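Engineer: need a 3D model of the sequence below.
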Amino acid sequence: AECLERLSFADELIVVLDISGSMAGTSIHQAKAAAALAIAKLDADDHLNVIVFNNNAKGLFAAPRIASPENKATAQAFIENLQAQGGTEMASALDMALRGSAAPGSLRQVVFLTDGAVGNESDLFDIIDRLLGGTRLFTVGIGSAPNSYFMVKASESGRGSYTHIGNTSEVDERMAALFAKLESPVVTDITLLWPAGTAPDLSRAIMPDLYAGEP
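Structural biologist: Residues are numbered from 1 along each chain as shown. Alright, predicted model coming up:
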């Protein structure tokens with residue numbers, strides 16, 4: 001495993017936001033507030049991009065840009081003007097978000113905000129397995145009844161974690177907890193090695209990173 005003495009919130013942060021019709025109403029407001037908080041938290045030497053999807057996926061920038069005050073303001077304005085409408089084509093958004101890699105010694109983190117209203121989970125898991133590389137995928141379930149099966153399994157496959165935001169009043173608290181985790185990776189690239197002939201009763205196929213304060 002690799003020990004990291006210090007890592008900022010995200011050397012590269014990709015925020016993916018579901019703006020399909022199923023997110024209309026309270027859900028899109030929760031998601032936009034959470035995305036805006038993520039952008040505001042970035043340091044000046046981080047990199048950022050915002051990807052939105054409904055029938056199609058679209059990136060704010062062609063490639064991640066430095067998190068300068070100007071670029072953060074552009075991202076914030078972009079998020080503020082989003083409206084929920086259309087279908088849910090999550091595959092293209094996942095593909096766009098997971099293609100790319102961070103510089104050696106740094107982490108590339110994707111925060112995916114959605115209600116998870118999809119019916120092709122197996123195809124989406126295949127995309128994660130194929131394209132994840134060194135990226136970490138953190139899912140944020142929006143609304144009173146997100147697709148928790150998809151969200152939890154996607155975060156496990158993505159070596160990240162799942163956060164649920166059920167109403168607007170929870171945005172600050174839940175996102176603050178996620179920020180605290182993203183800011184403090186202690187050990188990354190953990191691999192379990194079992195003695196020869198040992199068959200563990202229960203073990204995750206992919207081990208997540210270890211964050212400060214976690215057992």
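Engineer: off-centre distance for the longest helix seen in the chain?
Structural biologist: When the chain is parsed with DSSP state H, its longest helix is helix 26-40. Centroid separation between helix 26-40 and its chain, computed with C-alpha atoms, centre = their mean, to the nearest Å, is 13 Å.
Engineer: could you point out the helix or strand that follows it?
Structural biologist: Downstream of helix 26-40, the next assigned helix or strand under DSSP states H and E is strand 47-53.
Engineer: who touches that next one?
Structural biologist: For strand 47-53, contacts defined as C-beta atoms under 8 Å, 6 or more residues apart in numbering pick out 11-20, 35, 39, 42, 57-61, 63-67, 71-72, 75, 78-79, 82, 88-90, 92-93, 96-97. To be clear about C-beta, it is placed using only N, CA and C from the backbone, and glycine gets the same treatment.
Engineer: and that strand, how far from the chain's centre?
Structural biologist: Chain-centre distance of strand 47-53: 11 Å, with C-alpha atoms, centre = their mean.
Engineer: other SSEs contacting the following helix or strand past that strand?
Structural biologist: The helix or strand immediately downstream of strand 47-53 is strand 57-59, counting by DSSP H and E. On a contact count with 3 or more C-beta pairs under 8 Å, 6 or more residues apart in numbering; DSSP states H and E, strand 57-59 meets strand 47-53, helix 90-98.
Engineer: now Asp172: closest residue in space that isn't a chain neighbour?
Structural biologist: Closest residue to Asp172 apart from its sequence neighbours, by C-beta to C-beta, 6 or more residues apart in numbering: Leu37 at 7.2 Å.
Engineer: cool, and Gly158?
Structural biologist: Leaving aside its chain neighbours, Gly158 sits nearest to Leu137 (2.5 Å; criterion: C-beta to C-beta, 6+ apart).
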